[in-house]
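need a 3D model of the sequence below.
(chains A, B and C, ligands or ions: 3)
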Amino acid sequence: MVKLTRRKYLGKGLTGLLLFSVGGLLLDVWMSAGRFSSTHWKALVDARNLPGDGTYPFPNNKVALVVSRGRLAEISLECTHLGCIVNASDEGFFCPCHGSEFGPRGEVYSGPAPRSLPWHLVKVKNDQVWFHSGKKSTTAEWVSYLAKEGRMS
Amino acid sequence: MARNFLSHIHAGKVSPQALKPTITFGLGVACLTCMAILVLTGITLFLYYIPDQAKAYERILHITTTLRFGRVVRNLHFLAANALIILSVLHLARVVLTGSYRKRWLNWTYGLVLLLLVMFANFTGYLLPWNQISYWAVKIGSALLEYVPLIGLSLKSFLLGGDDVGHETLLRSFVFHAGFIPPLMLVFVGLHLWRVRKDGGLAAAEFSDGVKVNADPWLYRAEAGVAFSVLAVLLLLAFFIDAPIYERANPSHPPNPAKAPWYFVGVQEMISYSAMLGGVVVPGLVLGYLLLLPKLDQSTTPGGKWFASDRRVWSLIFLAIMVSQIVFIVIGVWFRGPNWQLVLPF
Amino acid sequence: MTAAPPKWITPFFYCSVLAALFAVTLVFLRHDTDRPDIGTHEVADITINLDGQPVREHCTTCHIDGARPDPAHLSQTVKPHPDIAPHRIDQLGCTGCHLGEGMALDIEISHGLPGLEARKVLSGKEMQASCFRRHQPGPLPGAEKAWKGYQQFFAKACNTCHAISRVGQSGFYGPDLSRIGAVVGLDQIHLAIREPRKEPVNSKMPRFPLSKNHSRQISYFLKSLAGDSFYATPMQMQTGMAETTEIDLRPQGVELSDGESALYQKQCLACHQFGQVDGRIGPDLTYIGSQRDADYLYAFLDNPTRLIPGVAMPRIPMASAAEKKLVQFLLNDAVGPVAEHTQTSADVMTPQKQESSSMGAKQLYMRLCQRCHAAEGDGRGPIQPNLANFPRAFAGNADFFRSASDKRLQESVRNGIPGTSMPSYNKLLNQQQIDPLLNLVFTAFINLDRHDKAILSALPDSPETPVSQNRSNELYVENCQRCHGSFGTGTGPEYLEHQPRPRNLRNKPYFNALSDRRIARVIHDGIPGTAMPAFRDHLDGPDFWGLVEKVREFSRSQD
Ligand code: HEM
Ligand code: HEM
Ligand code: FES
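Ligands and ions are numbered 1, 2, ... in the order given. Down below sits the predicted model:
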């Protein structure tokens, strides 16, 4: 009697485990497309001859380089409304699609856009400014580039 | 053979109540008919369609303009798909308002699963023509998913096959739409119909006095009548109403306003008032309400009676949900202009 | 027990069968009434190699050998395709140059649907909108207008705001146009150039004074920008192998100093006026050397928006030596001071006009003020739409001028208004010229005696203990935010409803020049002629000063 129940449980348990594992396997493949990502670290400009403070857009890369007091960050140029590429100016950003206006740090000044522009991850490596085209956060990731330059000389 | 099949899924004799048109209005059978039309026209479209960003749109043009009856087939598919949503909701409404879910909780749940499958099939099918409206509708529609707590983001990336509408999304939509949902739907329809019989026929049967009618030929004839009527109406509509063709999808130029497919515009409209309430709380409550309705309703009047007085509260709640959704959809579809501003539709 | 079957079933069944049969028959018989010829026609289905991609086309079903079909009998042609040697249509196919949707076989869709019209068919003269997709821009037979459009693109300084991929240096204030031709149609591009503020209404792009012909030419050129061009791979562009054709913008046959030629070559005059040359977009630079000092000019060229927030002028990259020459030219060699200038320039003052000073004032107004404040004095001068701040309206604005002291008005003319395009006229005009000018403004536009001033109600005193920061934030949100915006940028939810637009409270130079009392006064009494209401009956004394502090905070908080 006892043996029988145990065997029954064992059988059920093993079957469950099997189904669970196979299911997990399939689920992983199903979800995998989300893991492919064309986003990656991209070199943007040479850190040694950066221009002065200001905002420098790279519309092809959908980012703008923001330089301020020896630090830099990369802000996304994709409008948070429907994803048009916003125009950069010294005073902020303007979306040509439905007229959202953003401040110099991406904060929404007006218009249909619901959120501020996000920031990309940045790093300075081998005197190149790199940014990650997919990893974004809501706060600026400032990186100092003057320090690196000092180390160089 | 057909007869043999029919007599398998039907009882040999049915209550005359079940044959009364005012009990079901034939809505379930009408849904079935739409599904059959969808599968047939869908397979036909399948012959010419390629789920590829560069080719999908051109293939739709090819189907509609080059093939002799291509336009009719596509129109039928489009119309039947939209009719199916409307009819399933009406069918659901009649089940609620006649209290036919009583003692049929399992079958009611199958029905809800079917409804979700129908919406999902529509949503994935909508993207396939890869035109401006469908591209942006899916972009907006999938953004609504982000409001689902906890699993929203993974669900979105699962459906889109990435973080944005693109190549993978088109392929996925096609696989779901043509390969995955239809068989699943057939399975659930099978279960659904089998349960109807298992539960002792239609709910209305319960208060008949044992006098019955032969299913063959009377029930079959009535059902076929509904099916042919639906076919006739859809064919006529397909003759007059064209499934829309818009410009090619253009990811850098959103239309303004960009709207979700009409059956989700109600949610979009609610979200425009409050993201949390409209996007999560209200849809969650509605779903929960529908799921639990057969358990919540403790009325004793047998199913099959319209607007029974001891079920009135539940009926009224349901009607309130339905009317408000219709109002939201009407506002969202016709009264919203650029930047979701209120406008007059003409 | 078996009951009698319901009577309705059988008739219902037969009716439905008949209805369905009827519907099928209808579909069979009349499915192709709207395209009589195609039903029986053999469908031409050609695959061509376009950009290395196989492209399928049905075009030659009706356009046999590329000919124009007879609209009444699609199987007959009325006009053969012109000879386009050295191109060969059998190899190139149709949609590579003509666009359209090759896979469609229906008159409307195959020729491109309305909307953005990216694929709308090009024909006739419009064909030249396709040439520079493949050819390097330059003089090319058949593409004369598109080539002119290319030249206009630079002559009108479009490149100072819009990047196009083939050009090394270009601006970034407007959208990148490198792929515009693949995204919208010829007519849409044309419309966007002619009516830039149609969508969105708050677009920064000025409406350029272009003839229809010129804007059409530019659209031809832009329509040809459909991505990276074939003659220029990224590698070639990086190594400078694919150069843009340089356009010389200097007037021909005239010797110019380096500074003056920079005015042309750096495209200043595409927007600004200088002497007789007028771009009709930006302010007149003829006297700028007397209106602004050297520091200002250098700082402005370095970053225009720092001195005039919201200004439409882009930053123009310039080597510092060239910039120096340009500024020196403007300061020293350019025309002005105006006293001399007005005497030497015959069209401004003839001897008999000089006699009457009011006539002189009129001339001065037309010369110096009209461009912004308008000949009608309503502030809607020809370049007003391109200015960051609405010029003060004179006409119909008596209430404003009744409340502004004469001293303030004189100072505005003499010193200009910082943070705006209103320059200083101190060097250009003397008191004997400014007074009549003000008189003229009062008599001709404002319709008010210059000495008729309102008696202003007393301003509450600044309190000993200021209101808390929370309180002033609350007050701001409650009373100001809907116009001035949550960041004080003057872009609150309502801002587009008002002209003059709500003041940008982050305009540092402007607010630095204002006293606290002036700011409090404005909140207290409002500004007549604008949407700014008086809050004197809505707020308590200390609240005004709390809001003054809040306003100060905005213009301080800039990094
Ligand atoms: C694609 C969708 C569906 C199809 C093809 C379908 C088909 C049918 C059919 C043919 C019947 C027989 C009675 C009649 O015609 O009304 C039926 C009954 C029923 N359906 Fe559905 N149905 C669908 C969706 C739903 C939905 C969305 C629900 C509810 C959530 C639902 C719940 C029920 C219930 C409870 C019954 C039994 C009614 C009774 O016993 O009187 N069904 N369905
Ligand atoms: C209940 C089932 C189905 C529903 C609700 C449904 C719904 C839809 C919808 C709404 C569209 C977009 C129509 C348009 O805008 O043109 C569509 C398109 C399409 N469907 Fe389905 N469908 C169903 C079943 C099927 C099946 C079974 C197949 C194939 C085996 C299929 C193949 C297609 C194809 C190829 C398209 C793209 C063609 C087009 O857009 O006209 N569908 N479907
Ligand atoms: S996409 Fe930027 S405002 Fe709509």
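
my guess is B:Ala93 meets B:Phe318, correct?
Yes: in terms of C-beta atoms under 8 Å, B:Ala93 counts as a neighbour of B:Phe318; the distance is 7.3 Å. In short, each C-beta sits where N, CA and C put it, glycine included.

of those two, which one has the most company?
Remark: of B:Ala93 and B:Phe318, B:Phe318 carries more neighbours, 19 against 15, as counted by other C-beta atoms under 10 Å in any protein chain shown.

and whichever helix or strand the more buried one is part of, what does it pack against?
Taking DSSP states H and E as the criterion, B:Phe318 maps to helix B:312-334. If contacts are counted by 3 or more C-beta pairs under 8 Å, 6 or more residues apart in numbering or on different chains; DSSP states H and E, helix B:312-334 sits against helix B:70-97, helix B:262-273, helix B:282-296.

so is the first one next to ligand 1?
This points to helix B:70-97. Yes: Helix B:70-97 lies within reach of ligand 1 by C-beta under 6 Å from any ligand atom, at B:88, B:91-92, B:95.

and B:Leu159, how many neighbours does it have?
23.

phi, psi of it?
With angles defined as degrees, to the nearest 10, B:Leu159 sits at phi -70, psi -40.

C-terminal to the longest helix seen in chain A, what's the next element?
Longest helix in chain A, counting residues (DSSP state H): helix A:2-32. With elements assigned by DSSP H and E, the helix or strand that comes after helix A:2-32 is strand A:41-46.

report the backbone C-alpha coordinates of whatever helix or strand comes next after that next one in CSV.
Per DSSP H and E, the first helix or strand lying C-terminal to strand A:41-46 is strand A:54-58. Below are the C-alpha coordinates for strand A:54-58, written out as CSV (Å, rounded to 0.1, in the frame of the first residue of the first chain):
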residue,chain,number,x,y,z
GLY,A,54,27.0,71.9,-25.7
THR,A,55,24.8,69.3,-27.3
TYR,A,56,25.9,67.5,-30.4
PRO,A,57,23.4,65.3,-32.1
PHE,A,58,24.1,62.2,-34.1
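
is strand A:54-58 positioned near chain B?
No: using C-beta under 8 Å from any C-beta of the partner chain, strand A:54-58 never reaches chain B; the gap is at least 15.6 Å.

ok, that strand: who's next to it in the sheet?
Sheet pairing for strand A:54-58, assigned by DSSP bridges, gives strand A:63-68 (antiparallel).

can you list contacts of the partner strand?
A:44-45, A:50-58, A:72-77, A:88, A:93, A:104-105, A:120, A:129, A:131, A:133, A:140, C:559 (C-beta atoms under 8 Å, 6 or more residues apart in numbering or on different chains).

one more time with 6 Å
A:50, A:53-57, A:73-77, A:88, A:120, A:131 (C-beta atoms under 6 Å, 6 or more residues apart in numbering or on different chains).

coming back round to it: give me the contact list for the helix holding B:Phe318.
Contacts of helix B:312-334 (C-beta under 6 Å, 6+ apart): B:96-97, B:262, B:265-266, B:268-269, B:286, B:297, B:345.

among those residues, the buried ones, what's the PyMOL command?
Here is the PyMOL selection string for the buried members of these, based on 16 or more other C-beta atoms under 10 Å in any protein chain shown:
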select buried, chain B and resi 96+97+262+265+266+268+269+286+297
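
got the residues of the stretch 1-150 of chain B near ligand 2?
So the stretch 1-150 of chain B meets ligand 2 at B:35, B:38-39, B:42-43, B:45-46, B:49, B:60, B:74, B:77-78, B:81, B:84, B:118, B:121-122, B:125-126, B:128-129 (C-beta under 6 Å from any ligand atom).

switch the cut-off to 5 Å
The stretch 1-150 of chain B comes close to ligand 2 at residues B:38-39, B:42-43, B:45-46, B:49, B:74, B:78, B:81, B:121-122, B:125, B:128-129, as judged by C-beta under 5 Å from any ligand atom.

the residues you listed: which two are farthest apart?
In those, two members sit farther apart than any others by C-beta to C-beta. They are B:Val39 and B:Pro129, at 18.9 Å.
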